[in-house]
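*Asks:* Mind looking at a prediction? Sequence and model below.
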Amino acid sequence: MNIKDFSVEIWMNTHENDCKYNLSETCANPMTVDELLKLSGKKDELLDEILNMKLDYGAITGSMHLKTALCKLYDNINPDNITIAHGAIGANSLALMSIVEPQDHVIAFIPTYQQHYSLPESIGADITLLRLHEEYGWQPDMNEFKSALQPNTKVICINNPNNPTGSSLSENILKEIIDIARKRDIYIFCDEAYRGLTHYGDSFGPSVADLYEKGVVTGSMSKTFALAGLRLGWIAGPAEVIADINRHRDYHIISVGKIDDLLSAIAVENRGAVLERNLRICRENIAFLDKWVSAESHISFIKPTASTTAFLKFDLNMTSEELCLRLKQEAGVLFVPGSAFTFDDHLRIGFGNDSKIIQDGLSAFSSWLKQF
């Protein structure tokens, strides 16, 4: 299989371990096992369960404990509509490899996570990339979308909330996309790894899996639940699609770790306390970032409405990769260049980390920008 280099992952793997201020990290500030167990209110009981756990393969497609907990994140999903995977990246791969075939037409909105279009392309699908428009608040142009549809369009790929912009599709636009997909019998694949981190109102916005009968969505413990080290994600969708995904799954995954499965179930069952913690960090940091951007003449952005990421636009006479390399070398601050998302005049910042790291890193960036 011929597949393009995964730009953002290669960048992170190369640079994130030797910087002073890592502003490229996209997870909410990770919890410790101790912190999670204390939030549950059953630390001693759960520790005893873990210490006496027999480390066999466990439930192959995920424990009923975890699946039942995950169902509560949706309105119309039951355990038959869910399968567990190795992180959202594993869930995305399984879903796309199961529903996309050679010569299918796939539409993906960019900027987005490259997996959503490079993986279908490697399968042999015909890919159309449609830009989200910054001037529209990172929303798509629906006329462009309608013009891109073809008789063999099989899948529409959405990332909602969006990485890297931190935007969410408006209710009207999402409804229109679903209405069009329904009339044409098209799957909507939606990466919902950041669902649950809306910065206002109900933090869990509507899921495509609830809104559309051919909606296939993925989720993750990494972002919303601040537990990236568990490497656990899931796919939710129609039961017959999940059954087919599980057929493909047999070639890629036996099961996830039993301890990871249990800790994930604990986090989802205690999502109120977990989300209160993570949203507090995100809201504090986005308020600081918003104030910082307003004071910087070379930087602008559309303030995110969700997630832990924002897409900063800059007006310096250099590429995004040149800026990021110089900034890391001269000030120790790490961003992801917008070129990794095909938008070369932008930088991705992750603002879900420890507040001191965010504030000190942006202060160092400000000092560096004074030379221009």
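*Replies:* In hand now; what should we look at? Residues are numbered from 1 along each chain as shown.
*Asks:* switch to C-alpha atoms for all contacts and neighbour counts from now on
*Replies:* Fine.
*Asks:* Show me what the mean pLDDT comes to for the longest helix belonging to the chain.
*Replies:* Residue-count comparison of every helix in the chain, with assignments taken from DSSP state H, identifies helix 271-294 as the longest. Along helix 271-294, the predicted local confidence has a mean pLDDT of 97.
*Asks:* Also stretch 146-163?
*Replies:* Per-residue pLDDT values over stretch 146-163 give a mean of 98.
*Asks:* Now it - C-alpha only, PDB.
*Replies:* Listed next in PDB are the C-alpha coordinates belonging to stretch 146-163 (Å, rounded to 0.1, in the frame of the first residue of the first chain):
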ATOM      1  CA  LYS A 146     -22.800  20.500  -3.600                       C
ATOM      2  CA  SER A 147     -20.700  21.000  -6.700                       C
ATOM      3  CA  ALA A 148     -18.200  18.400  -5.500                       C
ATOM      4  CA  LEU A 149     -20.700  15.600  -5.200                       C
ATOM      5  CA  GLN A 150     -20.400  12.900  -7.800                       C
ATOM      6  CA  PRO A 151     -22.600   9.800  -8.700                       C
ATOM      7  CA  ASN A 152     -20.000   7.500  -6.900                       C
ATOM      8  CA  THR A 153     -19.600   9.700  -3.800                       C
ATOM      9  CA  LYS A 154     -19.400   7.100  -1.000                       C
ATOM     10  CA  VAL A 155     -18.200   8.900   2.100                       C
ATOM     11  CA  ILE A 156     -18.200  12.500   3.400                       C
ATOM     12  CA  CYS A 157     -15.400  12.900   6.000                       C
ATOM     13  CA  ILE A 158     -15.900  15.400   8.800                       C
ATOM     14  CA  ASN A 159     -13.900  16.300  11.800                       C
ATOM     15  CA  ASN A 160     -16.300  17.900  14.400                       C
ATOM     16  CA  PRO A 161     -15.100  19.600  16.500                       C
ATOM     17  CA  ASN A 162     -12.300  20.400  14.100                       C
ATOM     18  CA  ASN A 163      -8.600  19.800  14.600                       C
END
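*Asks:* centre of the chain versus that stretch, how much separation?
*Replies:* In terms of Cα atoms, centre = their mean, to the nearest Å, the gap separating the centre of stretch 146-163 from the centre of its chain is 17 Å.
*Asks:* Buried residues, that stretch. List them.
*Replies:* 149, 153-163 (16 or more other Cα atoms under 10 Å).
*Asks:* try stretch 359-367
*Replies:* With burial defined by 16+ other Cα under 10 Å, the residues of stretch 359-367 counted as buried are 359, 361-362, 364-366.
*Asks:* Equivalent analysis for stretch 86-106, please.
*Replies:* When neighbours are counted by 16+ other Cα under 10 Å, the buried residues of stretch 86-106 are found to be 86-101, 103-106.
*Asks:* Where strands are concerned, which of these count?
*Replies:* 105-106 (DSSP state E).
*Asks:* Now intersect the buried residues of stretch 86-106 with the helices, please.
*Replies:* 87-99.
*Asks:* what's the average pLDDT for whichever strand or helix holds Asp244?
*Replies:* Counting by DSSP states H and E, the secondary-structure element that holds Asp244 is helix 239-249. Summarised as a single mean, pLDDT over helix 239-249 is 97.
*Asks:* counting contacts, what elements does that helix pack onto?
*Replies:* When contacts are defined as 3 or more Cα pairs under 8 Å, 6 or more residues apart in numbering; DSSP states H and E, helix 239-249 sits against strand 82-85, helix 87-99.
*Asks:* can you tell me which residues contact the residue nearest to Leu132 when sequence neighbours are not counted?
*Replies:* The shortest distance from Leu132 to any residue other than its chain neighbours is 4.5 Å, reached at Pro140 (Cα to Cα, 6 or more residues apart in numbering). Each residue near Pro140 by Cα atoms under 8 Å, 6 or more residues apart in numbering is listed here: 109, 130-133.
*Asks:* how does it look with 10 Å?
*Replies:* In this structure, Pro140 makes contact with 109-110, 130-134, 169-170, 173, judged by Cα atoms under 10 Å, 6 or more residues apart in numbering.
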